[in-house]
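Enquirer: With the input below, show me the fold.
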Amino acid sequence: VQTEGCMKSFRSTLLFALIVGAVVGYAIFEMKRGEEKVAKEAKQDRLFSLEEKDLQEFQIVRPEGTLHLVREQDTLKLTAPVEDRTDGFLATSFVNSILNQTGKVLEEKNQQWAEYGLENTPYRVEVTSKKGDKKTYLVGTEQAFDGSYYLRDGERLLLGTSSWKSFLTKAANDIRDKKLFNFGDRVKEVRINSRELKLVHQNNKD
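Expert: This next block holds a predicted model:
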């Protein structure tokens, strides 16, 4: 009798453990599925699917002058408002901050563009990949109550972040290369005296 009671107790404990295991397993499954859903939705909300390394051309068109960057080999060169070298880290960080922006779709087929400052907006952001694919967003002159910016993608109305204010006012000097010399590791000789500082390039035969 005692043995039979022990067996019943063992079966009950085993059944309870199986039920608990099943509940925990289901909870973990649902949690992972939820995380995957959130990650997928976050990826879908990203405005640009392009990575910085695949970028060929980038520009912000605005009334005070276009900011235009073009890739030359592994670096981004400034071509407007002036032609100049860029600070690689600053230029890449700036471009990445825009490429990683997210937006919320407010309407798939909006027709009231004037209400959002998007009918004749002078602000435009264009990104072109190395393959020649181009993505363009118009940025509205009106802002939402929290400082967010309205964006237009074809007929779609989106709400971007307040970060667009700093993007639209980005100065070329903020990303220009401010180094006096740009020889890198190709310097052959450095001469310094009281009257003169002279750097000799490796390709210079003098």
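
Enquirer: count of neighbours near the residue nearest to Asp177 when sequence neighbours are not counted?
Expert: Leaving aside its chain neighbours, Asp177 sits nearest to Arg85 (3.9 Å; criterion: Cβ to Cβ, 6 or more residues apart in numbering). All C-beta spots, glycine's among them, are computed from the backbone N, C-alpha and C. Using other Cβ atoms under 10 Å, Arg85 has 17 neighbouring residues.

Enquirer: need the contact list for Arg85.
Expert: Counting by Cβ atoms under 8 Å, 6 or more residues apart in numbering, Arg85 touches 75, 77-78, 176-177, 182.

Enquirer: Which secondary structure elements does the longest strand along the chain sit against?
Expert: What stands out as the longest strand in the chain, according to DSSP state E, is strand 134-143. With contacts defined as 3 or more Cβ pairs under 8 Å, 6 or more residues apart in numbering; DSSP states H and E, strand 134-143 has these neighbours: strand 123-129, strand 149-153.

Enquirer: okay, these, which one's buried deepest?
Expert: strand 149-153 (a mean of 23; mean count of other Cβ atoms under 10 Å).

Enquirer: chain center to that one: distance?
Expert: Using Cα atoms, centre = their mean, to the nearest Å, the mean C-alpha position of strand 149-153 is found 16 Å from that of the whole chain.

Enquirer: Not counting that strand itself, show me its contacts.
Expert: With Cβ under 8 Å, 6+ apart as the criterion, strand 149-153 contacts 47, 103, 106, 110, 113, 116-118, 121, 136-140, 142-144, 157-162, 164-165.

Enquirer: and with 10 Å instead?
Expert: Contacts to strand 149-153, defined as Cβ atoms under 10 Å, 6 or more residues apart in numbering, come from residues 47, 101, 103-106, 110, 113, 115-119, 121, 123-125, 135-144, 157-165, 167-168.

Enquirer: ok, back up a step: strand partners (parallel or antiparallel) of the longest strand of the chain?
Expert: For strand 134-143, the paired strands and their directions (DSSP bridges) are strand 123-129 (antiparallel), strand 149-153 (antiparallel).

Enquirer: Compare the ones you listed and give me the one nearest Gly25.
Expert: Nearest of those to Gly25, taken as Cβ to Cβ: strand 149-153 at 41.8 Å.

Enquirer: After the closest one, which helix or strand is next?
Expert: strand 156-159 (DSSP states H and E).

Enquirer: And the contacts of that next one?
Expert: So strand 156-159 is contacted by 45, 47, 102-113, 115-116, 118, 137, 140, 143-144, 146, 148-152 (Cβ under 10 Å, 6+ apart).

Enquirer: Buried by neighbour count: which residues of it qualify?
Expert: In terms of neighbour count (16 or more other Cβ atoms under 10 Å), strand 156-159 has its buried residues at 157-159.

Enquirer: how far out from the middle of the chain is it?
Expert: Per Cα atoms, centre = their mean, the centroid offset for strand 156-159 relative to its chain is 18 Å.

Enquirer: Okay then, goodbye and thanks.
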